[in-house]
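Engineer: No letters, just coordinates:
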């Protein structure tokens, strides 16, 4: 179809008048400088195993929800929803779940349910997930991980998925995030001799995602999440790199390769960045909690929602 020229004229006028909206931030300058939430954008995330890709992105989404009331649909095939909700309750309250009254736990659970919807852990085709995402009232959606779907493992199949993802964002106006694993060569790469992190795993590049450079080519934004899992002190730090920002005029930028944003694990009670926690006043000042009603059909969950073993990251 030919583009309607009125759309072009409207954009030019709004840009000239300074009416193009900036992407949404979380109120932490170091984060907001490199990453902004924007409608209709397709973002790829990569990282080695066990570095906390899921946890980091959920924390970021929760910050956006708290600040801007955004709603999310999450498919996380390698994690139990109850465990993820438990972590979000701890981030909001700054307390271990065991330190809260059970009535408080359920009230915060209801609040999180207003922002987050979880897809059952199953083996889905991409078209099935896109249908779920499209049918709900969501601002953003997460596929976690790409390798957890029912798909063909070919170069052509990768491009089919990337094109489907691009089309989904364009049609619906919703934003899509996809967590990807990395190739074996990237997992073997270490910091060079003489570096302060010598012999520890080196952060992967865009082309290190399984499927290669096409994942960097077809997206609007690309993030790398990294952690030095075996390091005595850095194992508590999550390093966030912004590798690609297609539209910098509405916010966001590519990170300096040597200065990623450092997110401190904070004992599992909500990441801090330079000591700042964008959720640390949530309970005391701002969060309006829904009224709690008794659930007579409650049964213990098999996904271990109330397990408080958070001494180490992820």
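Structural biologist: Perfect, thanks for sending it. Owing to the predicted nature of the structure, the values given are computational and were not obtained by experimental measurement.
Engineer: For the helix or strand hosting residue 85, name the packing helices and strands.
Structural biologist: Assigned by DSSP states H and E, residue 85 falls within helix 81-93. Helices and strands touching helix 81-93, by 3 or more CB pairs under 8 Å, 6 or more residues apart in numbering; DSSP states H and E, are helix 53-68, strand 72-76, helix 102-115, strand 116-118. Yep, even glycine has a C-beta here, placed from its N, CA and C like the rest.
Engineer: That helix versus helix 53-68: what angle between them?
Structural biologist: 50 degrees (axes from the mean of the first three to the mean of the last three CA atoms, to 10 degrees).
Engineer: leaving aside the residues next to it on the chain, what's closest to residue 81?
Structural biologist: residue 118 (4.1 Å; CB to CB, 6 or more residues apart in numbering).
Engineer: Tell me which residues of stretch 219-238 come out buried.
Structural biologist: Using 16 or more other CB atoms under 10 Å as the test for burial, stretch 219-238 gives 219-229, 234-238.
Engineer: Ok, stretch 144-156 next?
Structural biologist: Applying 16+ other CB under 10 Å to stretch 144-156 flags 144-146, 148-149, 151 as buried.
Engineer: Find the centremost residue of this structure, please.
Structural biologist: residue 57 (2.4 Å; CA atoms, centre = their mean).
Engineer: Provide a list of residues in contact with that one.
Structural biologist: Residue 57 makes contact with 45, 142, 144, 177, 179, 225, according to CB atoms under 8 Å, 6 or more residues apart in numbering.
Engineer: Tell me which of these fall in strands.
Structural biologist: 45, 142, 144, 177, 179, 225 (DSSP state E).
Engineer: Residue 1: which of these is nearest?
Structural biologist: Nearest to residue 1, judged by CB to CB, of those is residue 177 at 27.7 Å.
Engineer: My read is that the closest one contacts residue 138, right?
Structural biologist: No. Using CB atoms under 8 Å, residue 177 makes no contact with residue 138, being 11.6 Å away.
Engineer: Other residues contacting stretch 6-24?
Structural biologist: 36-38, 64, 67-68, 70, 249-252.
Engineer: any idea what sits nearest residue 31, other than its immediate chain neighbours?
Structural biologist: residue 261 (5.8 Å).
Engineer: circling back: which pair in the ones in strands among the contacts of residue 57 spans the largest distance?
Structural biologist: 142 and 225 (13.1 Å).
Engineer: Low-confidence stretches in the stretch 1-150 of the chain?
Structural biologist: 14-17, 19 (pLDDT under 70).
Engineer: Counting neighbours, what do you get for residue 104?
Structural biologist: The local packing of residue 104 (other CB atoms under 10 Å) involves 17 other residues.
Engineer: I meant to write residue 174 there.
Structural biologist: 24.
Engineer: right, and it touches residue 137 too?
Structural biologist: No. Using CB under 8 Å, residue 174 is not in contact with residue 137, being 9.8 Å away.
Engineer: hang on, the earlier thing: counting neighbours, go ahead and name the busier of residue 177 and residue 138.
Structural biologist: residue 177 (24 against 21).
Engineer: So that one versus residue 128, what's the distance?
Structural biologist: 18 Å (CB to CB, to the nearest Å).
Engineer: still on that earlier bit, out of the contacts of residue 57, the closest to residue 83 would be?
Structural biologist: residue 144 (13.3 Å).
Engineer: and the buried residues of stretch 144-156 as TSV, adding distance to residue 160?
Structural biologist: As requested, the buried residues of stretch 144-156 are exported to TSV (distance: CB to CB, whole Å):
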residue	distance to residue 160
144	19
145	17
146	12
148	17
149	12
151	9
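Engineer: Show me which of those residues is closest to residue 94.
Structural biologist: For those, the nearest to residue 94 is residue 144 (25.1 Å; CB to CB).
Engineer: I'd like to know how far the closest one sits from residue 171.
Structural biologist: 22 Å.
Engineer: Checking residue 9 next. Helix, strand or coil?
Structural biologist: helix (DSSP: H, G, I helix; E, B strand; the rest coil).
Engineer: do the same with the one 4 residues further on
Structural biologist: Under three-state DSSP, the three-state class of residue 13 is helix.
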